[in-house]
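1. everything below, folded, please.
(chains A and B)
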2 protein chains.
Amino acid sequence: MNQPFPSTLLEEAVNEFSKLPGIGKKTALRLVLHLLKQPAEQVARFGNSVIRLKNEVCYCRICHNISDQERCSICSDSSRNSRQICVVENIREVMAVENTGQYNGVYHVLGGLISPMDGVGPSNLEIESLVDRITREGADEVIMALPATMEGDTTAFYVYRKLAPVNIPVTTIARGIAVGDELEYADEITLGRSILNRITYKG
Amino acid sequence: MNQPFPSTLLEEAVNEFSKLPGIGKKTALRLVLHLLKQPAEQVARFGNSVIRLKNEVCYCRICHNISDQERCSICSDSSRNSRQICVVENIREVMAVENTGQYNGVYHVLGGLISPMDGVGPSNLEIESLVDRITREGADEVIMALPATMEGDTTAFYVYRKLAPVNIPVTTIARGIAVGDELEYADEITLGRSILNRITYKG
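-> Numbering: from 1, shown residues only, chains lettered A, B, ... in the order given. Prediction:
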């Protein structure tokens, strides 16, 4: 795509789309031309949906999850166990854990992971507010549901140390062989951890 | 993604994005969350770029290419040969031919291909206006640059028959083995055509 676009309006829209992650110039052009074929109301609805989201969205002041109100639907749900707090990186992980249907506690969204390489330190994350929240309200268990990466482990360990004075059980989600995976294709670290953290059959 | 979204604004934006071709719910969520992290001006620029494009874009009244004015930059370029008209399906093909740097004539954008299965007949396309244009202004050559599909061939043949009374040379782009392709992997029809339409060495 070295040639100039036939229209600067088209060029602008394609440039904006190609700033999105994983969208190159060709895909951007395809998406923009698709939108151009839609009725004007549909295009307006598309464009305004992101602008409205950015301008009007709230973050829950308890768990920092995305929300329409000051308090998200999970934190305001009285049927959920507010003394069990699942610590996650981002709102996508809240949705992922919710999709399992296996969890009835509440969340705390850190908004990222400690990553000195990217200039993200503990003060950029909602760690202080987590410690405050637990110190103030107490909790029965804090579950770390962070990715099994260096950043995830670093963040989990940092949070664990910060919570040590409050003296509350801190757990982490199990690392092991994914359901449906063959043992021979698992990496050594995962397989090693899954042996160390083996589970006793109950029956 | 069976669980409700934590925010209806988020849900709306994700729904709008997942209407785009090739974008599923998961990708839509990823794109929307990426936008949400950008500054408000950037999100406004993104959203408004498509709305402005839809509302303000023009189509050249000569060749029906997308344009910012009533007459596109190619049709108004006096250094181009306006008596050589390349007939293409859509504005993407205009950009593709322009990118080759091999063509100095003008274009005529049909806006689609004849496809009875999709309910697209000749009257839905800019075929009448092409015949009018050539009858009125004349031309030295009409080059068909349509896809090598049934719809492309049908459309090319229809346009060719419509142009027969005007008595102007009508050509089509060469079908053959793509540069870099092995003969053994080419399909029989392509290979057959490339033999029938073989080219004499000049030197």
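
2. quick one: the strands in chain A?
-> A:58-59, A:66-67, A:81-88, A:105-109, A:141-145, A:170-172 (DSSP state E).

3. quick check, central residue of chain A?
-> Central residue of chain A (C-alpha atoms, centre = their mean): A:Asn90, 2.2 Å from the mean position.

4. number of residues surrounding A:Cys58?
-> Per other C-beta atoms under 10 Å in any protein chain shown, the neighbour tally for A:Cys58 reads 15. Quick note: C-beta positions are derived from backbone N, CA and C, even for glycine.

5. from chain B, how far out is it?
-> Between A:Cys58 and chain B the computed distance is 8 Å (C-beta to the nearest C-beta, to the nearest Å).

6. ok, and the closest non-adjacent residue to that residue?
-> Once flanking residues are discounted, A:Cys58 sits nearest to A:Ser67: 5.1 Å by C-beta to C-beta, 6 or more residues apart in numbering or on different chains.

7. same check, this time on A:Arg175
-> Distance criterion C-beta to C-beta, 6+ apart; nearest residue to A:Arg175, sequence neighbours excluded, is A:Arg193 at 4.9 Å.

8. how near is that neighbour to A:Gly180?
-> Using C-beta to C-beta, to the nearest Å, A:Arg193 is found at 18 Å from A:Gly180.

9. got it, and A:Val106?
-> The gap separating A:Val106 from A:Gly180 is 30 Å, by C-beta to C-beta.

10. and those two? which has more neighbours close in?
-> Using other C-beta under 10 Å as the criterion, A:Val106 and A:Gly180 rank with A:Val106 on top: 23 against 5.

11. per-residue confidence for the residue nearest to the more buried one when sequence neighbours are not counted?
-> Nearest residue to A:Val106, sequence neighbours excluded (C-beta to C-beta, 6+ apart): A:Ser82, at 5.1 Å. pLDDT recorded at A:Ser82 is 93.

12. OK, contacts around A:Ser82?
-> By C-beta atoms under 8 Å, 6 or more residues apart in numbering or on different chains, the contact set of A:Ser82 is A:75, A:105-106, A:137.

13. before we move on, what about A:Ala139?
-> The contact partners of A:Ala139, taken as C-beta under 8 Å, 6+ apart, are A:83-85, A:168.

14. so which of those residues reach chain B?
-> Applying C-beta under 8 Å from any C-beta of the partner chain, the subset of those adjacent to chain B is empty.

15. ok, of those residues, which one's closest to chain B?
-> Checking these against chain B by C-beta to the nearest C-beta gives A:Ile85 as the nearest, at 16.3 Å.

16. for that closest one, give the beta-bridge partners.
-> Going by DSSP bridges, A:Ile85 is paired in beta bridges with A:Val106, A:Val142.

17. returning to that earlier point: excluding covalently adjacent residues, which one is nearest to the residue nearest to the centre of chain A?
-> Residue nearest to A:Asn90 in three dimensions, not counting chain neighbours: A:Val109, with 6.4 Å by C-beta to C-beta, 6+ apart.

18. one more: A:Arg83?
-> The spatially closest residue to A:Arg83, leaving aside those adjacent along the chain, is A:Asp140, at 4.3 Å (C-beta to C-beta, 6+ apart).

19. quick check: A:Thr155 vs B:Glu128, distance?
-> 65 Å.

20. those two - which one has more neighbours?
-> Taking other C-beta under 10 Å, A:Thr155 and B:Glu128 do not tie; A:Thr155 has more neighbours (25 against 11).

21. which parts of chain A are helices?
-> Counting by DSSP state H, chain A has these helices, from start to end: A:8-18, A:25-37, A:40-56, A:91-100, A:127-137, A:150-163, A:188-196.

22. from the contact counts, what lies against the shortest one?
-> In terms of contact count using 3 or more C-beta pairs under 8 Å, 6 or more residues apart in numbering or on different chains; DSSP states H and E, helix A:188-196 is assigned no packing partners among helices or strands.

23. just the buried positions in it, please.
-> Buried residues in helix A:188-196, counting neighbours by 16 or more other C-beta atoms under 10 Å in any protein chain shown, are found at A:190, A:193-194.

24. of all those, which comes closest to chain B?
-> Nearest to chain B, judged by C-beta to the nearest C-beta, of those is A:Thr190 at 23.7 Å.

25. isn't that closest one right up against A:Gly176?
-> Yes - counting by C-beta atoms under 8 Å, A:Thr190 does reach A:Gly176; the two are 6.8 Å apart.

26. where does pLDDT dip in chain A?
-> For chain A, applying pLDDT under 70 flags the ranges A:1-3, A:203.

27. got the domain boundaries for it?
-> Following automatic domain parsing, one finds the domains of chain A at A:8-55, A:81-172.

28. okay, how far is it across the last one, tip to tip?
-> End-to-end distance for domain A:81-172, by C-alpha to C-alpha, to the nearest Å: 18 Å.

29. gap between that domain and the chain center?
-> 11 Å (C-alpha atoms, centre = their mean, to the nearest Å).

30. same question for the first one.
-> From the chain centre to the centre of domain A:8-55 is a distance of 25 Å (C-alpha atoms, centre = their mean).

31. can you tell me if that domain touches chain B.
-> Yes - using C-beta under 8 Å from any C-beta, we find that domain A:8-55 touches chain B at A:8-10, A:12-13, A:15-17, A:19-23, A:27, A:29-36, A:38, A:40, A:43-55.

32. list buried residues within those.
-> Among those, those scoring as buried are A:9-10, A:12-13, A:15-17, A:20, A:23, A:27, A:29-33, A:35-36, A:38, A:43-51, A:53-54 (criterion: 16+ other C-beta under 10 Å).
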